[in-house]
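> next comes the sequence, and after it the predicted model I'd like to discuss.
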Amino acid sequence: MPDSQPTLKAINLSKRYGQARYIIQDFSYTFPRGTATGLSGPNGSGKTTLLRMLTTAAYPTTGNIFWGDIDIHQQPHRYLSATGFAFDSTELPQFANTDELLEVILRARGLWDDTESPKKISALLELLALDERRKTLIGTYSSGMMQKTLLAAALITEPPLILLDEPFRALDVETRTALTDYLNHRKKNFGDTIIISSHLPEIVERLCDQVLQFPLDSGEAESEAES
Ligand SMILES: Nc1ncnc2c1ncn2[C@@H]1O[C@H](COP(=O)(O)OP(=O)(O)OP(=O)(O)O)[C@@H](O)[C@H]1O
């Protein structure tokens, strides 16, 4: 497993929206590299809020998140170039197809290769069972196909940090299994750090090495990280 990837750390993280109660309070945690961390807990307990802070879409009320020595909210571009994330709420371009979208992402990151990239796109779309519809406009996709496209967009750059909010919800059983196997392969062989919220216990069990139970208990999370 490569040892060169930075580690993601939350330090004394707290979050409240406006003057409402704290959803996350004084949370410190080191996400171990080469593992998947599950975020589990009831609706409204703060899983998406933590993920949104980890993607820099939301700011902590207090505290910091570090990727190696980078404070992610201070240097979001450097951090986000190493990150792949898929959230239900992400808007996809309606008048492009998946092939075009993935090519744009690879080109924008400076990762396009005329020979290798089309093969990489084909392999990922085959894994997600989206190959047949790759030339069809995204605006005509079903919700499951949209979900697959979001996942493909998150994973095509093979990022060392993968953040997924309920990625399995709209997927059929075969694709859930293929995606779980793929993520297990990434973390074991490439040392990827994966953080994933899911209400599906069987997925959490097959994929996650540790689970953060929401609402978060800051003291417990800290001692778990240190053990
Ligand atoms: N932008 C916002 N403004 C105000 N309150 C918010 C905002 N986003 C989330 N909240 C509140 O923060 C709390 C945590 O929400 P969050 O979406 O993080 O929960 P969750 O654990 O991901 O829930 P679910 O399992 O339903 O996806 C909820 O009470 C929610 O209403």
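Thanks, I have it.
> what's the neighbour count on the closest residue to Asn97 other than its chain neighbours?
Closest residue to Asn97 in three dimensions, ignoring its sequence neighbours and counting by Cβ to Cβ, 6 or more residues apart in numbering: Lys135, at 5.2 Å. For glycine as for every other residue, the C-beta is placed from the backbone atoms N, C-alpha and C. Counted with other Cβ atoms under 10 Å, residues neighbouring Lys135 total 10.
> tell me the secondary structure of Lys135, please.
Look at Lys135: counting by DSSP: H, G, I helix; E, B strand; the rest coil, its state is coil.
> got the end-to-end distance for stretch 202-212?
16 Å (Cα to Cα, to the nearest Å).
> in it, what's buried?
203-204, 207-208, 211-212 (16 or more other Cβ atoms under 10 Å).
> was I right to think the residue nearest to Asn97 contacts Asp99?
Yes. Proximity of Lys135 to Asp99 meets the contact threshold set by Cβ atoms under 8 Å, at 6.1 Å.
> nearest residue to the residue positioned nearest the centre of the chain in space, please, no chain neighbours.
Residue closest to the average C-alpha location in the chain (Cα atoms, centre = their mean): Leu163, at 1.4 Å. Using Cβ to Cβ, 6+ apart and skipping residues adjacent in sequence, the residue nearest Leu163 is Phe85, 4.0 Å away.
> helix or strand next in line after the helix or strand harbouring Arg107, which one?
Element membership for Arg107, per DSSP states H and E: helix 98-108. Note on helix 98-108: by DSSP H and E, the next helix or strand toward the C-terminus is helix 116-127.
> and that following helix, how far out from the chain middle?
In terms of Cα atoms, centre = their mean, to the nearest Å, the centre of helix 116-127 is found 19 Å from the chain centre.
> check stretch 58-65 too.
Mean-position distance between stretch 58-65 and its chain equals 18 Å (Cα atoms, centre = their mean).
> list the buried residues in that stretch.
58, 60-61, 63, 65.
> ok, which stretches of the chain are helices?
Here the chain has its helices, by DSSP state H, at 47-54, 76-80, 98-108, 116-127, 143-155, 173-190, 201-207, 218-226.
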